[in-house]
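J.: need coordinates for the following:
(one chain, ligands or ions: 1)
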Amino acid sequence: MKVLLATEKPFAAAAVEGISAILREAGHEVVKLEKYSDKAELLAAVKDAEAMIIRSDKVTAEVIAAAPRLKIVVRAGAGYDNVDLEASKAAGVVVMNTPGQNSNAVAELAIGLMIYMARTEFTPATGSEIQGKRLGVQAYGNVGRLVGGKAKALGMSVCALDPFLTDEQIIAGGADPVHSVEDLYAASDYLSIHIPALPSTIKSIGYDLITRMPKGATLVNTARKEVIDEDGLLKALEERQDLKYAADVMPDNYALLKEKFGNRVFATPKKMGAQTSEANVNAGLAAARQIVDYFATGNTRFQVNK
Ligand code: 3PG
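T.: Alright, predicted model coming up:
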């Protein structure tokens, strides 16, 4: 089968080598489209692809329509909001993700952002310490749990909200359960967001929630920029001069936020939470194995568009 590795943000070389080796050993052909800048390049590349490995690359209905031989898309990573699940399902294309494979990298970045903000972007200004502070984790899944564990090791207390987990499961994961999003924000000196971008979560974090945070609090978003109501964030930061915002997902109004609030806001220029060699290898090789397995045995364990 012809497998297209389409990564606008390329994987580390070790991951690309590993992916290619796994696929070739199983008799598949590997075609690479890395660092492309134009959708037209992707549309042309998918023409004869039977499988695809992607990252945050957008697999829209147009891409699906341009790929008549496509049978499977594996998003090497967790979030699959970049794939049109309806269009792929209608075309009989299986979509999978590789949950957990890049979680540690994202969790380390979330902790790094907390320290970076606590130390005022590593300027000589007097900073603060995260030890002894309260961390709230919004969604205690693969990434959230890792953030919680690392935060505890650094001397923070941790509380978490997750509607899909019981109190016992949250406690077993080392956090105090919180039962409403309002209470979570009100309790958190640091709040780490780990919810997916869904119709129900898009723009769900805005002025009302952010201004519930305690004095001097920091909101850290390594999830998706879409979950933030950016007008609400701007208003909250304007009104509450003590609050800070750090994101791995540059807000659309970042230039304005930076101009107005200086080192109270920070965003990475490109999403890079999962951009470690380890995460690339874990997620990339898992994706390659899932494709090999799917063609060999029909295994759809990680399918997300059933
Ligand atoms: C994910 O959903 O797995 C992360 O956001 C990583 O995305 P990336 O592969 O585009 O870095």
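
J.: please make it C-alpha for all contacts and neighbour counts, starting now.
T.: Will do.

J.: got a pLDDT number for the residue nearest in space to the middle of the chain?
T.: Centroid-nearest residue in the chain, with C-alpha atoms, centre = their mean: Ala223, separated by 4.4 Å. pLDDT, Ala223: 98.

J.: write out the residues of the stretch 51-200 of the chain neighbouring the ligand.
T.: Counting by C-alpha under 6 Å from any ligand atom, the stretch 51-200 of the chain comes close to the ligand at Arg55, Ser56, Gly77, Ala78, Gly79.

J.: and the fourth one, helix, strand or coil?
T.: By that I understand Ala78. Counting by DSSP: H, G, I helix; E, B strand; the rest coil, the backbone at Ala78 sits in coil.

J.: which residue comes closest to it once chain neighbours are left out?
T.: Pro99 (4.9 Å; C-alpha to C-alpha, 6 or more residues apart in numbering).

J.: got a list of what the one you found touches?
T.: Shown in contact with Pro99 (C-alpha atoms under 8 Å, 6 or more residues apart in numbering): Gly77, Ala78, Asn142.

J.: quick one: contacts for the second one?
T.: In other words, Ala78. Asn97, Thr98, Pro99, Gly100, Gln101, Asn102.

J.: does the fifth one touch Asn282 like I think?
T.: Spelled out, that is Gln101. Yes. Taking C-alpha atoms under 8 Å as the definition, Gln101 is a contact partner of Asn282 at 5.3 Å.

J.: circling back to that earlier point, give me the buried subset of the residues of the stretch 51-200 of the chain next to the ligand.
T.: Among those, those classed as buried by 16 or more other C-alpha atoms under 10 Å are Arg55, Ser56, Gly77, Ala78, Gly79.

J.: measure stretch 221-231 end to end?
T.: 16 Å (C-alpha to C-alpha, to the nearest Å).

J.: which of Gln101 and Asn282 has more residues huddled nearby?
T.: Set Gln101 next to Asn282 and count neighbours by other C-alpha atoms under 10 Å: Gln101 wins out with 24 against 20.

J.: now that one: phi and psi?
T.: When read as degrees, to the nearest 10, the backbone of Gln101 gives phi -70, psi -30.

J.: for the ligand, see how far away the residue lying closest to it once chain neighbours are set aside is.
T.: Computed as C-alpha to C-alpha, 6+ apart, the closest residue to Gln101 that is not its neighbour in sequence is Ala283, at 4.9 Å. According to C-alpha to the nearest ligand atom, to the nearest Å, Ala283 stands 8 Å off from the ligand.

J.: show the contacting residues for Ala283.
T.: Ala283 is in contact with Ala76, Gly77, Thr98, Gln101, Asn102, counting by C-alpha under 8 Å, 6+ apart.

J.: list the contacts for whatever residue of the stretch 151-300 of the chain ends up closest to the ligand?
T.: In the stretch 151-300 of the chain, no residue comes nearer to the ligand than Ala274, which is 4.6 Å away by C-alpha to the nearest ligand atom. Contacts for Ala274 were tallied using C-alpha under 8 Å, 6+ apart; they are Asn102, Ser103, Ala105, Val106, Asn280.

J.: now with 7 Å?
T.: If you count contacts by C-alpha atoms under 7 Å, 6 or more residues apart in numbering, Ala274 has them with Asn102, Ala105, Val106.

J.: then Ala12?
T.: Neighbours of Ala12 in contact, by C-alpha under 7 Å, 6+ apart: Ser277, Asn280.

J.: buried ones in the lengthiest helix in the chain, by neighbour count?
T.: Longest helix of the chain, by residue count under DSSP state H: helix 277-297. By neighbour count on 16+ other C-alpha under 10 Å, the buried set for helix 277-297 is 278-288, 290-292, 294.

J.: dihedrals phi and psi, Met117?
T.: With angles defined as degrees, to the nearest 10, Met117 sits at phi -70, psi -40.

J.: for it, give its distance to Thr123.
T.: Distance from Met117 to Thr123, counting by C-alpha to C-alpha: 10 Å.

J.: out of these two, which sits in the busier spot?
T.: Using other C-alpha under 10 Å as the criterion, Met117 and Thr123 rank with Met117 on top: 24 against 10.

J.: before we move on, the earlier item: just put the buried ones among the residues of the stretch 51-200 of the chain next to the ligand in JSON lines and tack on distance to Tyr190 and pLDDT.
T.: Converted to JSON lines, those look like this (distance: C-alpha to C-alpha, whole Å; pLDDT from 0 to 100):
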{"residue": "Arg55", "distance to Tyr190": "28", "pLDDT": "98"}
{"residue": "Ser56", "distance to Tyr190": "27", "pLDDT": "97"}
{"residue": "Gly77", "distance to Tyr190": "25", "pLDDT": "98"}
{"residue": "Ala78", "distance to Tyr190": "23", "pLDDT": "98"}
{"residue": "Gly79", "distance to Tyr190": "23", "pLDDT": "97"}
